[in-house]
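Participant: What follows is a predicted protein model with its sequence.
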Amino acid sequence: MDDLKELDDRFVLHTYARREIAFERGQNATLFDEDGRDYIDFTSGIGVNSIGHNNARLVETITKQAAKILHSSNLYLIRPQIELAQKIAALCAQDSRVFFANSGAEANEGAIKLARKFGEKSGRHKIVTLKNSFHGRTIATLKATAQERFHEHFGPFPDGFVYADNLAQIETLVDRQTIGVMLEVVQGEGGIAPLDKRELQELAAFLSKKKLLLIADEIQCGVYRCGEFSAAQIYGVYPDITTFAKGLGGGVPIGAVVTALKEVFDYGDHGSTFGGNFLSASAALTTLAVLEEMQKSGALQRSIDYFGDMCRSLALNFPNLFIGVTGLGLMKAIVAKDALTQKAILDKAHEKRVLVLRAGANHIRLLPPLTIAQEEINKGFKRLEAACRDL
Ligand SMILES: Cc1ncc(COP(=O)(O)O)c(C=O)c1O
């Protein structure tokens, strides 16, 4: 392990402050490190391993696909990509088309370009985003991210992003150059914060009346994370553009821009060498099949209810550490009383071998695989409880 840490320090750029744990394999929501120690995974690789580690159906799909063809370029018809686009359109219940990218930031870049082209003729290009948002690490998506700390060092940025303190303020920021609003339906990195349902519906109605775009960044909260395919469906709103990534490929990188603006992009307007290739598209098809079955059978809702109960009882049992629980579906946070407590819990949890994430200033973010078993939930919370008892 010391060797690995040394090599990491020496050869990998220092963009992540890593914990000294090296995983070797996993099974559903349980990971094993190189010394064979087990960890309960309440993070799914930051919302990615939506159907768990080593899912037999996903492994079979990937293996079979790899033996046939991985990549052909987007210059040719790609059967699983086309089937995936059709599936996503059906799941969004929207007459839409899809562009495939490889990550969340890239999907958001695509969404921003689409919105800008849509607004080109009317001279509109500005996009309003929300305080505490997170939209990615590219230059444009960093600027779309309304947290100033992400803007240090990397300017100059492209113009055209305006920040609102809250949903109610958005209307007052719209001017003749505004093309739309981009938001996370449930904010993730900035602190787990589901938007208010009535306020979002009112905003959607306002935007629709003004012929402005609602762009939903569902990169973290989408793909059944909150209980439905998209979180917007739970809110009863229909965005003009929605972006997905993270959980869509079950661990294989893929991003998607889904839009009802079917005719805005023309050939050559956008592209991606890898986007939606055979490997990622077939992995996503299997991931969606597993998740759709779980949702239809009620298994997903049962896990959401059980996991939520466990979060609430942990928070209630340790009022010295926590002030509440927030989130939607299996995108949850137990809110620590302050940043120092947050850090202490994160460290202790890892010591007790349960993986949890930070979010915002004081949130312990929990994004377990959607397939997590009840025994894994029990084990994870037992370890979290032990961590809390030690503090
Ligand atoms: C809401 C949201 N948008 C965009 C991104 C960027 O995704 P990626 O890291 O895949 O580029 C993230 C990543 O955390 C996210 O949570």
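Facilitator: Great, that's in hand.
Participant: Need the per-residue pLDDT for A93.
Facilitator: The per-residue pLDDT reported for A93 equals 87.
Participant: so it is in which element?
Facilitator: Counting by DSSP states H and E, no helix or strand carries A93.
Participant: how long is stretch 35-54 from one end to the other?
Facilitator: End-to-end span of stretch 35-54 (Cα to Cα, to the nearest Å): 19 Å.
Participant: Just the mean pLDDT for it, thanks.
Facilitator: Mean predicted confidence for stretch 35-54 is 98.
Participant: go on, stretch 137-144?
Facilitator: 98.
Participant: any residues touching that stretch, and which ones?
Facilitator: 105-106, 108-109, 112, 127, 129, 133, 135-136, 150-151, 154, 157-158, 161, 182 (Cβ atoms under 8 Å, 6 or more residues apart in numbering). (Each C-beta comes from the backbone N, C-alpha and C, glycine too.)
Participant: Next step: the residues you listed restricted to strands.
Facilitator: If you go by DSSP state E, these have 127, 129, 161, 182 in strands.
Participant: mind checking how far the nearest residue to the first one once chain neighbours are set aside is from T145?
Facilitator: Using Cβ to Cβ, 6 or more residues apart in numbering and skipping residues adjacent in sequence, the residue nearest I127 is M182, 5.2 Å away. Note on M182: its distance to T145, by Cβ to Cβ, to the nearest Å, is 10 Å.
Participant: shared neighbours of those two, which are they?
Facilitator: The contact sets of M182 and T145 overlap at 129, 133, 135 (Cβ under 8 Å, 6+ apart).
Participant: Now for those residues, which sits with the most neighbours around it?
Facilitator: Neighbour counts for those (other Cβ atoms under 10 Å) peak at H135, which has 33 neighbours.
Participant: rewinding a little: tell me how many other residues crowd the residue nearest to I127.
Facilitator: 27.
Participant: Check whether it really touches L212, as I assumed.
Facilitator: No - the pair M182 / L212 is not scored as a contact, 11.2 Å apart, by Cβ atoms under 8 Å.
Participant: picking up where we left off before, please go through the contacts of stretch 137-144 and note which also touch the ligand.
Facilitator: With Cβ under 6 Å from any ligand atom as the criterion, those include 105, 108, 135-136 near the ligand.
Participant: which bits of the chain sit near the ligand?
Facilitator: So far as Cβ under 6 Å from any ligand atom goes, the chain lies against the ligand at 103-105, 108, 134-136, 184, 188-189, 217, 219-220, 245.
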